[in-house]
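K.L.:
Have a look at this prediction, sequence included:
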2 protein chains.
Amino acid sequence: MTRITAVTAHDVRFPTSLSMDGSDAMNKDGDYSAAYVVIHTDDPAISGYGFTFTIGRGNDLCTEAARQRGLVLVGKSVEESVADLGAVYREIQSDSQLRWLGPEKGVVHLALAAVMNAMWDLAARVAGKPLWRLLADMTPEQLVDAADLKYLSDAITRDEAIAMLTELAPTREKRIAELTESGYPCYTTSAGWLGYSDEKLRRLLQEAVDQGYRHVKLKVGANVDDDIRRLGIAREVIGWDAKLMIDANQVWDVPVAIDWVGKLAQFKPLWIEEPTSPDDVLGHAAIRKAVAPIGVATGEHGMNRVLFKQFFQAEAIDYCQLDSARLGSVNEILAVYFMARKFGVPVCPHAGGVGLCELVQHLSIFDYVAVSGTLEDRVTEFVDHLHEHFVDPCIVENGAYVLPSQPGYSAEMFDESVAEYSFPDGSYWKSRG
Amino acid sequence: MTRITAVTAHDVRFPTSLSMDGSDAMNKDGDYSAAYVVIHTDDPAISGYGFTFTIGRGNDLCTEAARQRGLVLVGKSVEESVADLGAVYREIQSDSQLRWLGPEKGVVHLALAAVMNAMWDLAARVAGKPLWRLLADMTPEQLVDAADLKYLSDAITRDEAIAMLTELAPTREKRIAELTESGYPCYTTSAGWLGYSDEKLRRLLQEAVDQGYRHVKLKVGANVDDDIRRLGIAREVIGWDAKLMIDANQVWDVPVAIDWVGKLAQFKPLWIEEPTSPDDVLGHAAIRKAVAPIGVATGEHGMNRVLFKQFFQAEAIDYCQLDSARLGSVNEILAVYFMARKFGVPVCPHAGGVGLCELVQHLSIFDYVAVSGTLEDRVTEFVDHLHEHFVDPCIVENGAYVLPSQPGYSAEMFDESVAEYSFPDGSYWKSRG
């Protein structure tokens, strides 16, 4: 038997604010960061890696919270733990004192995500499979047992979820073969950061077109005249057949969102992303009614499954952009996928940041293979930053994620990257003073 | 001119789990704690005190987050800061890197509450007034400028809020005189913790009746037979004219809540509190429809004003139980009070914990004086624990809070208490090892 001997947490920060990568109307100077967790065992060949994503200050809070969340794992059997990750998740989550600080949101929930992401990575490594394959090899009952369905029974029951998964189970391999051939479609946000000049925008958009992307996304919301000019440039470069998405990063009140999006409607965006507070279910529903046929997308700040349940129940969104490091890892994400399928909402996960692309490729593949069974209206975000720090980085070809083949959740970072960018004592930050 | 010289934050924990004080169906062993903030100035006679409340583990995270939130205050002029607390609030809140960790929820928002509670305490001390009086002496425009109305304009506008406040402004002094006479009505939860024996429950209920309380609250939700037996005892002791409230502390899914409350309806509870996830606006609306005429109450875990906006818009609750240390201090609480008035929902603030009674008495008094103008259906929680650690503890007589008279927000703790219960190095925790 293998035992977990320690769970370490590391505050890793990259100085992305220097190049304005990631700049938008709400977040002008993020330093993309990870609260990075390593699960150590008494077998040096077996470890698990995971993280949550932040944009700088406060990453220390998530790191310390992840350390505390991980304490309960020490001493556990690896074999027993990976055989029932639902039980592990519930045990970590059941700390009622830490629960008070959310509940199920904010720093303690981000920390839960970091630790459970590492547990799922560990499980996939032990199984010798990439995470998407580990999930695709689980039975409907096993998947539903791993999912967190608490507070959801008015939207989906255990039996309904099992029935949905069972329906698609016989044809999973067919869809795996398809994706092995073509990859999972993605779009790029790399061109559209708000802090980039018009020239850089134009150049990056042309590069995206040349690389085969059929969807691009631009940040909006700081100044409406700038938005109109930038979206004009985008349509010039990508034409009118490619899809253009816009993202306001929560800067508007509901009436302002409706008014502002109206002024940008001439550019025929596919969706407006994060038009207002990420917590505002009814506000999104009102915006959706007003701006149709432009779709409404949100979810990267969607704090937990209860919020997503209400987005679905209120018919508030056209696209569900769940986040792999904000929700409570695969356990909670499974529940959101089940509900999305039932309510007929496509899931187009948020990615970018540090390592989020590495994670979400597994989720999107699994969704197609086992939950939704369709690629219609689905496209997963891709942002081309910071992949060089990952041992098994995602690969994008012709606007599609290539299926990962190495065991795990693709979450492991190079030791050298962790050492260099650890805050504040890594060599990079020390040299900056 | 006086300058802020430092903002210190202290992790203070009381061992309440030893006596099962505070035990409920979700939280079985809380150690009531405060992330306690002191704003120091270059005038030794001028300081500000504030806190947020937690139940133990993770209080260190809130303490560290409060320390980080407070850094921006150092060097500021006290006079300029207290003259525009809306600006101070927005400056603290505008840290986009820390915002990412919520946004506006969880540890970083609890920390905002702690720091801004201390700023409001400081402002009231500088003015030489108890906080309720400081607020009651502000003009409608000043109050609305201090309030955080971001994301709320689809529910209430600045002009609407000013108009509501202006309507009641001429009669504020009359209501102050009334409350000076009679106090602000409260109810007690001290009797009803789930971990107490039937004998202790009966004795404490009798004491509550003898002390003049007309409302008592019991915890429910762990076992329905126990609930029926305990509520039977309660009605035996308090009779059928007094009001009985029940509190499930979020343990149920929506269908379970409806079923379980149905079984307790025979005891004619005034409200069911926290029947399900505190984030579930639509769930509360469904429960409210199903259990009427029993009211639905929630809010102590209400993370921010956007959630409360939706509770009001969806007609999901009969009683709004905002929390003085979870919302972003008076700035955000004002906005919730304005919306509650507009939507006709009585605010019955959550209290208990560490020092929450000390804070909410000011808020309830202000609400009656300047916002709602009525006491109908209003009653504020009172729990008789831990007041001995406060320099200006609340006083309850004949089931009502006596109007505080000392300058400030009643948030200051004795230095000895802070020293003894600081975690882990205070004398109490050191002696426990």
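P.N.:
Looks like it came in fine.

K.L.:
C-alpha from now on. contacts and neighbour counts both.
P.N.:
Will do.

K.L.:
How about the residue nearest to the spatial centre of chain A, nearest residue that isn't a chain neighbour?
P.N.:
Central residue of chain A (Cα atoms, centre = their mean): residue A:323, 3.0 Å from the mean position. If the residues on either side of it in the chain are set aside, residue A:323 comes closest to residue A:300, at 4.9 Å by Cα to Cα, 6 or more residues apart in numbering or on different chains.

K.L.:
Next: residue A:265.
P.N.:
Nearest residue to residue A:265 in three dimensions, chain neighbours excluded: residue A:294, at 7.6 Å (Cα to Cα, 6+ apart).

K.L.:
Name all residues that make contact with that neighbour.
P.N.:
Contacts were defined as Cα atoms under 8 Å, 6 or more residues apart in numbering or on different chains; by that measure residue A:294 touches A:265, A:268, A:269, A:270, A:271, A:272, A:288.

K.L.:
Residue A:378 now?
P.N.:
Contacts for residue A:378 (Cα under 8 Å, 6+ apart) come out as A:185, A:346, A:347, A:348.

K.L.:
Just name the closest of the residues you listed to residue B:233, please.
P.N.:
residue A:347 (51.0 Å; Cα to Cα).

K.L.:
beta partners of that closest one?
P.N.:
residue A:320 (DSSP bridges).

K.L.:
do the same with residue A:295
P.N.:
Counting by DSSP bridges, residue A:295 is bridged to residue A:271.

K.L.:
Over to residue A:50?
P.N.:
Note on residue A:50: beta-bridge partners by DSSP bridges are residue A:37.

K.L.:
Run a quick check on it versus residue A:122, I expect a contact.
P.N.:
No: if you go by Cα atoms under 8 Å, residue A:50 and residue A:122 don't touch, sitting 9.0 Å apart.

K.L.:
Tell me, what's the model's pLDDT at the residue nearest to residue A:265?
P.N.:
Residue A:294 carries a pLDDT value of 98.

K.L.:
Now it: phi and psi?
P.N.:
Torsion angles at residue A:294 (phi, psi; degrees, to the nearest 10) stand at phi -70, psi 130.

K.L.:
about what we covered before: same list (the contacts of residue A:294) but as TSV, adding distance to residue A:94.
P.N.:
Output for these, formatted as TSV (distance: Cα to Cα, whole Å):
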residue	distance to residue A:94
A:265	46
A:268	46
A:269	43
A:270	40
A:271	37
A:272	36
A:288	36
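
K.L.:
Going by neighbour count, which of the residues you listed comes out on top?
P.N.:
Highest neighbour count within the contacts of residue A:294: residue A:272, with 30 neighbours (other Cα atoms under 10 Å in any protein chain shown).

K.L.:
Hmm, that residue is touching residue A:250, no?
P.N.:
No: applying Cα under 8 Å as the test, residue A:272 and residue A:250 come out as separate, 10.6 Å apart.

K.L.:
what sits in contact with each of the two?
P.N.:
Residues touching both residue A:272 and residue A:250 (Cα under 8 Å, 6+ apart): none.

K.L.:
All the strands of chain A, in order from the start?
P.N.:
Per DSSP state E, chain A carries strands over the ranges A:4-13, A:33-41, A:47-54, A:184-192, A:215-219, A:243-247, A:271-273, A:295-298, A:319-320, A:380-382, A:396-397, A:400-401.

K.L.:
Pick out the residue of the stretch 1-150 of chain A closest to chain B.
P.N.:
Here the stretch 1-150 of chain A gets closest to chain B at one residue, residue A:106, 4.2 Å apart by Cα to the nearest Cα.

K.L.:
what about that residue, how many residues close to it?
P.N.:
Neighbour count for residue A:106, taken as other Cα under 10 Å: 27.

K.L.:
ok, and the closest non-adjacent residue to it?
P.N.:
Nearest non-adjacent residue to residue A:106 (Cα to Cα, 6+ apart): residue B:106, at 4.2 Å.

K.L.:
for residue A:166, same thing?
P.N.:
Excluding its sequence neighbours, the residue lying closest to residue A:166 (Cα to Cα, 6+ apart) is residue A:140, at 5.9 Å.

K.L.:
distance of the one you found from residue A:406?
P.N.:
According to Cα to Cα, to the nearest Å, residue A:140 stands 24 Å off from residue A:406.

K.L.:
tell me which parts of the stretch 301-433 of chain A are close to chain B?
P.N.:
Counting by Cα under 8 Å from any Cα of the partner chain, the stretch 301-433 of chain A comes close to chain B at A:301, A:306, A:307, A:310.

K.L.:
taking those residues one by one, which sit in helices?
P.N.:
Filtering those for membership in helices, criterion DSSP state H, returns A:306, A:307, A:310.

K.L.:
Between those, identify the one with the most neighbours.
P.N.:
Using other Cα under 10 Å as the neighbour criterion, residue A:306 leads these with 25 neighbours.

K.L.:
Double-check that one against residue B:281; I have them as touching.
P.N.:
No: using Cα under 8 Å, residue A:306 is not in contact with residue B:281, being 9.4 Å away.

K.L.:
Between the strands of chain A, which one is closest to residue A:158.
P.N.:
It is, among the strands of chain A and with distance given as Cα to Cα, strand A:319-320, at 21.2 Å.

K.L.:
Need the mean per-residue confidence for the closest one.
P.N.:
98.

K.L.:
name the helices or strands packed onto it?
P.N.:
Packing contacts for strand A:319-320, counted by 3 or more Cα pairs under 8 Å, 6 or more residues apart in numbering or on different chains; DSSP states H and E, involve strand A:295-298.

K.L.:
list the helices and strands the strand it packs on packs on?
P.N.:
Here strand A:295-298 touches strand A:271-273, helix A:281-291, strand A:319-320, going by 3+ Cα pairs under 8 Å, 6+ apart.

K.L.:
most packed of those?
P.N.:
Comparing the helices and strands packed on strand A:295-298 by mean neighbour count (mean count of other Cα atoms under 10 Å in any protein chain shown), strand A:271-273 ranks first with a mean of 27.

K.L.:
Which residues does it contact?
P.N.:
Contact with strand A:271-273 is made by A:244, A:245, A:246, A:247, A:248, A:249, A:261, A:294, A:295, A:296, A:297, A:298, as judged by Cα under 8 Å, 6+ apart.

K.L.:
So which of the residues you listed is surrounded by the most neighbours?
P.N.:
Neighbour-wise, the contacts of strand A:271-273 (other Cα under 10 Å) top out at residue A:298, 31 neighbours.

K.L.:
wouldn't it be in contact with residue A:274 here?
P.N.:
Yes: using Cα under 8 Å, residue A:298 is in contact with residue A:274, at 5.0 Å.
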